[in-house]
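# Structural data only, the sequence is not supplied:
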């Protein structure tokens, strides 16, 4: 009985898909017939006037292919021009500005506030914050990310920045290297992000207490106060979910579409993937600069935490009081 | 200054694919690459069937030039768009941007109909496209040039191979008329004097879109015709 019901559903689903396909086929056919009838009429009214045919030749007109291959029947694809305008226009301009402005903002912030220092005296007692495997995964992700960011930025902006300095041949060498490194390291990065998600997701779940941190963020960030938080504070959770998880997914999927063009995806798919990848990656890089700053010179003791896996008890008490309580209990 | 443009008369083209074969033979292009192809509409319908031979249109405002990350394209004084294979990194961006599907890659399934899936990790090889039989940046007529870009007929003042082999040529001429007066000769190339055809013309694809969107009046028809014609002379206006 159960099997029969399953069969029925499958059959219904299949027939509705086929029905839909044949309906669109009929619509396309009737449009084509209309156009060819128009042309036959035109031929008698105004010989040599092929306007109805040219309309079919118009951008992305669907011409039945006579040669094998997905797009052999497309005479003119118009979306390429749209892709060019978006890529060479706002993505390059705004993305480039972002990569210049974010470091400036961080530098100004550092000049005004300096690093976040410990308020109390170091206790000398160390607490384990990151396990060996957590550090391995973090640094694998970090190194692949930096490699991808550098090679990606080089390929995206090198034409405007590096060609005037090192010339065409020199830059082409760097760009070819960048392209191949980018395409091979990319899938590795996706693997690292997946591992990182599995390892770090539980501690990054949003808790009600995190709103306290958000409310006191200006004081916390300028070193004037502390807000209680678990193993990760609200900003770290924001970077995890918005950056690593969301942007990682966006950049990863679009990157795979671009990296493996051998699954017969069309130019249109790759144009969209390219824009998504570029925008996602530029946001990812801009956000990562904030994370890198806070994890190195921005916060005293943060880099040692990820390097050695251990933090001082005073550091834990000041930055992650609730986590320290959990560890101690 | 002369500007080289391809024009194809859909009234005369019989879809023999002679131009495709001639091009492939002339340049000994890699397996799987056809620099030229013939597209047919309304197949088998009397009075409505039209064919058109298409390859690189050597656009005035070439999208491939604009998006190339290593800036490997250049334009000759005759308006021919050429590229430097030594600089090409095989990223495929020219292939995304080109309205005519001209750029192709020796190791790419995406651009080569029926090709093998050898382009893992986006390894496409160096881009190949129609050169208007004008070679490339290597020394004119050298072996290195032939190896990379095919034969340089241009420097010997010969018309392009596809044109020469077209079975239905009418005449070869240098067109000096403005675009609306152009009569198209079958699969055939000519140097068009760009008297009224300066820079700054919109790319042909958008030109055709604009015209196609107009109403169904006789004026619009004429407009589509002339815009398409302009499109096929590559944004020449």
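Received the coordinates, thanks. Keep in mind that this is a model prediction, so the values were computed, not measured.
# Surely residue A:193 forms part of a strand?
No. With DSSP: H, G, I helix; E, B strand; the rest coil as the criterion, residue A:193 is located in helix rather than a strand.
# Contacts only, for it.
Taking CB atoms under 8 Å, 6 or more residues apart in numbering or on different chains, we find residue A:193 in contact with A:141, A:244, A:248, A:252. Glycine gets a C-beta too; all of them are placed from N, C-alpha and C.
# burial measure for the second one, as a count.
The criterion is other CB atoms under 10 Å in any protein chain shown. On that basis, residue A:244 has 23 neighbouring residues.
# was I right about it contacting residue A:195?
No. At 11.0 Å, residue A:244 and residue A:195 do not qualify as touching, with contact defined as CB atoms under 8 Å.
# so what sits against both of the two?
Common contacts of residue A:244 and residue A:195 (CB under 8 Å, 6+ apart): residue A:141.
# residues making contact with stretch A:195-204?
By CB under 8 Å, 6+ apart, stretch A:195-204 touches A:133-134, A:137-138, A:140-141, A:230-232, A:236-237, A:240-241, A:244-245, A:248.
# And what about the spatially most central residue of chain A, helix, strand or coil?
By CA atoms, centre = their mean, the mean C-alpha position of chain A lies nearest to residue A:251, the distance being 2.6 Å. Of the three states, residue A:251 takes helix according to three-state DSSP.
# I figured it hits residue A:284, correct?
Yes. Counting by CB under 8 Å, residue A:284 is a contact partner of residue A:251 at 5.9 Å.
# give the contact list for residue A:321.
A:226, A:228-229.
# coming back round to it: contact partners for the residue nearest to the centre of chain A?
Residues near residue A:251 by CB under 8 Å, 6+ apart: A:277, A:280-281, A:284.
# Could you list the buried residues of stretch B:139-156?
Judged by neighbour count using 16 or more other CB atoms under 10 Å in any protein chain shown, the buried positions of stretch B:139-156 are B:145-146, B:148-154.
# where does chain B have low pLDDT?
B:1-2, B:108-119, B:168-237 (pLDDT under 70).
# I'd say residue A:38 and residue A:52 touch.
Yes. Contact criterion CB under 8 Å: residue A:38 and residue A:52 qualify, at 4.0 Å.
# returning to what we had before: grab the nearest non-local neighbour of the residue nearest to the centre of chain A.
Once flanking residues are discounted, residue A:251 sits nearest to residue A:280: 4.4 Å by CB to CB, 6 or more residues apart in numbering or on different chains.
# Quickly find the element holding that neighbour.
helix A:267-295 (DSSP states H and E).
# Which strands and helices lie in contact with that helix?
Using 3 or more CB pairs under 8 Å, 6 or more residues apart in numbering or on different chains; DSSP states H and E, the elements in contact with helix A:267-295 are helix A:79-86, helix A:92-113, helix A:132-161, helix A:248-259, helix A:302-308, helix B:93-97.
# Could you check those helices and tell me which one is nearest residue A:314?
When the helices and strands packed on helix A:267-295 are compared by CB to CB, helix A:302-308 sits nearest residue A:314, at 12.8 Å.
# before we move on, back to that, residue A:38 and residue A:52: who's more crowded?
Neighbour comparison, residue A:38 and residue A:52: the larger count goes to residue A:52, with 24 against 17 (by other CB under 10 Å).
# Against residue A:39, how distant is that one?
Distance of residue A:52 to residue A:39, given as CB to CB, to the nearest Å: 4 Å.
# and for these two, which residues touch both?
Common neighbours of residue A:52 and residue A:39 (CB under 8 Å, 6+ apart) are residue B:48.
# Of all the residues in the host helix or strand of residue A:198, which ones are buried?
Secondary-structure element containing residue A:198, defined by DSSP H and E: helix A:163-200. Within helix A:163-200, the residues scored as buried using 16+ other CB under 10 Å are A:163, A:171-172, A:174-176, A:178-180, A:182-183, A:185-187, A:189-190, A:192-193, A:195-197, A:199-200.
# Equivalent analysis for stretch A:133-148, please.
A:134-135, A:137-138, A:140-142, A:144-145, A:147-148.
# May I see these organised as JSON lines, with distance to residue B:23 added?
Listed next are those as JSON lines, based on distance: CB to CB, whole Å:
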{"residue": "A:134", "distance to residue B:23": "59"}
{"residue": "A:135", "distance to residue B:23": "58"}
{"residue": "A:137", "distance to residue B:23": "53"}
{"residue": "A:138", "distance to residue B:23": "54"}
{"residue": "A:140", "distance to residue B:23": "49"}
{"residue": "A:141", "distance to residue B:23": "49"}
{"residue": "A:142", "distance to residue B:23": "50"}
{"residue": "A:144", "distance to residue B:23": "44"}
{"residue": "A:145", "distance to residue B:23": "45"}
{"residue": "A:147", "distance to residue B:23": "41"}
{"residue": "A:148", "distance to residue B:23": "39"}
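# Pick out whichever of these sits closest to chain B.
Nearest to chain B among those, counting by CB to the nearest CB, is residue A:148 at 13.6 Å.
# That closest one and residue A:186 touch, don't they?
Yes. Contact status for residue A:148 versus residue A:186: in contact at 6.3 Å, counting by CB under 8 Å.
# All set now, cheers.
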